[in-house]
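> Just a sequence and a predicted model for now, questions to come.
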Amino acid sequence: MPADLNMKVLVVDDMSTMRRIVKNILKQLGFVNLEEAENGEQALTKLRAEPFGFVVSDWNMPVMQGIEMLRAIRADEQLKHIPVLMVTAEAQKENLIEAIQAGVNNYVVKPFTAETMQEKINKIFNK
Amino acid sequence: MIPRSSLNGSSLSASAGSDDAAPSEAQLYEQLGELARFIDTTLKTITQFSDPMSETTEQLPQAATHLRDLKKLTEEGTHRIMQLVEAVENNRVNMLARLDDAARTLTGPADAARFTDTLNALRKNLEADEKPLVDIITTLAFQDLVAQRVNKLVTIIDEVEHKLLQLVVVFGPYKKGAALADPGKAGDMLKQLDASKTTAMDQNLADEILKQFGFN
């Protein structure tokens, strides 16, 4: 099923510039309802407060890393269904395998192109 | 108190006669003298290094502050560039809308004047893009500012490293690999930085691995 462009999408990254880039790309793909968080803990607070349809997250963040946030999402009955795309500079095979084992839906390595992100989002929602 | 002269004779003959005899007072005084000289030398060496140590303890936090400033500098520069690019993108969207409008509404010879107006408007839009495009190039000069500060910080860190090594040489033998016993967070960060240069995978390899795990 294609992505619902009106669903709430949460962009999680400690760098404001990266959040802006990801939001820009998502807007170009047609997503209109975008929110941001600076770290995993802030993200979980937002996810528990209102319904989100998709999370795009970095790995390396202060307070709570993306991988811990992912595990917390998958452990939470209310949140475990939310697709999570990791967009990260952690480009070691071990990181990717750890993310897969934690339940990530797909993985983009920084630096990335808009086309790569679109391809990954399509793969998540058109399964 | 026993006079030294009688002690010398009796203790020396005692020590000469037996290997198990306690050290004589003279030997004790000699050892104490050596110890005092060693303490004096050490104190002088410590004093010699107290200034460089003070400088080091002040310089390192300052260097860390400058590095944090760099992060802010690059963040501000990047936001500025993105703002300019967004202005060009918006302008482009407006131009495309005008072209679509023109294609829809201009159909006959009477529309020539309107067509000319549309073309002039498009020309103005294109001209308006010139400033943000030039500003993008000039804003990228933040990289030069960052590079200059990085050079200075590298110089500071080199000097601090040199001073710390001097201390290590003076106060004790350098044990190679001692840092590995407890590398701490700095050790982890260094490993990650090294790994990002040597064993980082690109998106193609990531996709190969994802495929192996059933991600299409």
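Great, that's in hand.
> quick one, helices of the chain?
No chain was given, so I picked chain A. Under the criterion DSSP state H, chain A contains helices at A:16-28, A:40-49, A:66-75, A:93-102, A:114-125.
> Please refer instead to chain B.
B:4-17, B:25-105, B:112-139, B:142-171, B:178-181, B:184-198, B:203-212.
> Just give me how far the second one sits from the chain centre.
The reference is to helix B:25-105. The chain centre lies 6 Å from the centre of helix B:25-105; the measure is Cα atoms, centre = their mean, to the nearest Å.
> doesn't residue A:66 make contact with residue A:40?
Yes - if you go by Cβ atoms under 8 Å, residue A:40 and residue A:66 touch, sitting 6.0 Å apart. In short, each C-beta sits where N, CA and C put it, glycine included.
> what touches both of those two?
A:12, A:57 (Cβ atoms under 8 Å, 6 or more residues apart in numbering or on different chains).
> deepest of the helices of chain B, which one?
Mean neighbours per residue, mean count of other Cβ atoms under 10 Å in any protein chain shown, is largest over the helices of chain B for helix B:203-212, with a mean of 15.
> which bits of chain A sit near chain B?
Selection of chain A residues close to chain B by Cβ under 8 Å from any Cβ of the partner chain yields A:15-17, A:20-21, A:24, A:89, A:91-93, A:96-97, A:100, A:106-109, A:112, A:116, A:123, A:127.
> For stretch B:124-135, give the mean pLDDT please.
For stretch B:124-135, mean pLDDT is 86.
> Can you tell me, leaving aside adjacent residues, what's nearest to residue B:133?
Once flanking residues are discounted, residue B:133 sits nearest to residue B:88: 6.7 Å by Cβ to Cβ, 6 or more residues apart in numbering or on different chains.
> With distance to residue A:49 added, can I get the helices of chain B in a markdown table?
Below are those laid out as a markdown table (distance: least, Cβ to Cβ, whole Å):
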| stretch | distance to residue A:49 |
| --- | --- |
| helix B:4-17 | 86 |
| helix B:25-105 | 27 |
| helix B:112-139 | 37 |
| helix B:142-171 | 37 |
| helix B:178-181 | 45 |
| helix B:184-198 | 32 |
| helix B:203-212 | 31 |
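> for those helices, which one sits closest to residue A:45?
For these, proximity to residue A:45 was assessed by Cβ to Cβ; helix B:25-105 is nearest, at 23.8 Å.
> now that closest one against helix B:112-139, angle please.
Here helix B:25-105 points in a direction 180 degrees away from that of helix B:112-139 (axes from the mean of the first three to the mean of the last three Cα atoms, to 10 degrees).
> before we move on, the earlier item: who touches the residue nearest to residue B:133 in this structure?
Residue B:88 neighbours (Cβ under 8 Å, 6+ apart): B:129, B:132-133.
> how about a cut-off of 10 Å?
Residue B:88 sits next to B:128-133, B:136 when contact means Cβ atoms under 10 Å, 6 or more residues apart in numbering or on different chains.
> neighbours around the residue of chain A found nearest chain B, how many?
Closest approach of chain A to chain B (Cβ to the nearest Cβ) occurs at residue A:91, with a separation of 3.8 Å. Residue A:91 has 20 neighbours, counted by other Cβ atoms under 10 Å in any protein chain shown.
> how about the residue lying closest to it once chain neighbours are set aside, phi and psi?
Closest residue to residue A:91 apart from its sequence neighbours, by Cβ to Cβ, 6+ apart: residue B:200 at 3.8 Å. Here is the backbone geometry of residue B:200 (degrees, to the nearest 10): phi -70, psi 140.
> Quick check: residue B:200 touching residue A:92?
Yes - look at residue B:200 against residue A:92 with Cβ atoms under 10 Å: they come within range, at 6.7 Å.
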